[in-house]
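Engineer: Next one to model:
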Amino acid sequence: MARSVAERADVLPVLGELFRAHGFEGASLAVIAKATGLGKGSLYNFFPGGKEEMAAAVLANVEEWFESNLFTPLSDAPDGAAAIAAMFTAVDGYFRSGRRMCLVGVFALGDIRDPFGARIHGYFQRWVDSLAAALVRAGQDAGEARSVAEEVVAGIQGALVMARATDDPAVFGRVLDRLKRRCGLAE
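Structural biologist: A predicted model of the protein is given here:
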């Protein structure tokens, strides 16, 4: 069933879910028009640059969420352990306990990667950097913290792929539990 859309911002969540489900190439304008309830003309009115502008807007929306809810708290919160625990809670909620793919990861693996390569790289680098900073504040050695941060971000991304590939979202929760322990968080 098509949704009613009044402005550009209303379209972004729908586009995000379409790109997650179909990838950039698979989310045709016909699929997008049907899901948003907008004709192609209205879509081009909101996004004159077409699907690439849609992807850029959705990516910016995702980046804003992660910056506000994960990266800034991980970088700035005085209590590193509490910030890391909050990150795991936010990640579990955002990815719907393994039932929602990472849009940035979908873009990283698809044909759209090239136009957004720097932004995709920046997203993952920011996550690793901010998590490493929180791990240091939680008492880990700086070198080890960076290694753990890379392992955690890669583990989250891999768990999302595995949960989807095996149609078993519980994989995501089990991996998150192991990654929490890897970060020094007690169960």
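Engineer: now for the longest helix along the chain, which elements pack on it?
Structural biologist: Of all segments of type helix in the chain, defined using DSSP state H, the longest is helix 142-166. Helices and strands touching helix 142-166, by 3 or more Cβ pairs under 8 Å, 6 or more residues apart in numbering; DSSP states H and E, are helix 103-109, helix 117-137, helix 170-182. Bear in mind the C-beta positions are built from the backbone N, C-alpha and C, glycine included.
Engineer: And stretch 11-22, what's buried?
Structural biologist: Within stretch 11-22, the residues that count as buried by 16 or more other Cβ atoms under 10 Å are 11, 12, 14, 15, 16, 17, 18, 19, 20.
Engineer: repeat for stretch 57-64
Structural biologist: Neighbour-count burial for stretch 57-64 [16+ other Cβ under 10 Å]: 57, 58, 59, 61, 62, 63.
Engineer: again, but for stretch 141-157
Structural biologist: Result for stretch 141-157 [16+ other Cβ under 10 Å]: buried residues 145, 146, 148, 149, 152, 153, 156, 157.
Engineer: mind putting those residues in JSON lines, distance to residue 165 included?
Structural biologist: Listed next are the buried residues of stretch 141-157 as JSON lines, based on distance: Cβ to Cβ, whole Å:
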{"residue": "145", "distance to residue 165": "30"}
{"residue": "146", "distance to residue 165": "28"}
{"residue": "148", "distance to residue 165": "25"}
{"residue": "149", "distance to residue 165": "25"}
{"residue": "152", "distance to residue 165": "20"}
{"residue": "153", "distance to residue 165": "19"}
{"residue": "156", "distance to residue 165": "15"}
{"residue": "157", "distance to residue 165": "13"}
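Engineer: mind listing what the nearest residue to residue 79 once chain neighbours are set aside touches?
Structural biologist: Sequence neighbours aside, residue 137 is the residue nearest to residue 79 in space, at 7.4 Å (criterion: Cβ to Cβ, 6 or more residues apart in numbering). Residue 137 makes contacts with 77, 78, 79, 80, 81, 83, as judged by Cβ atoms under 8 Å, 6 or more residues apart in numbering.
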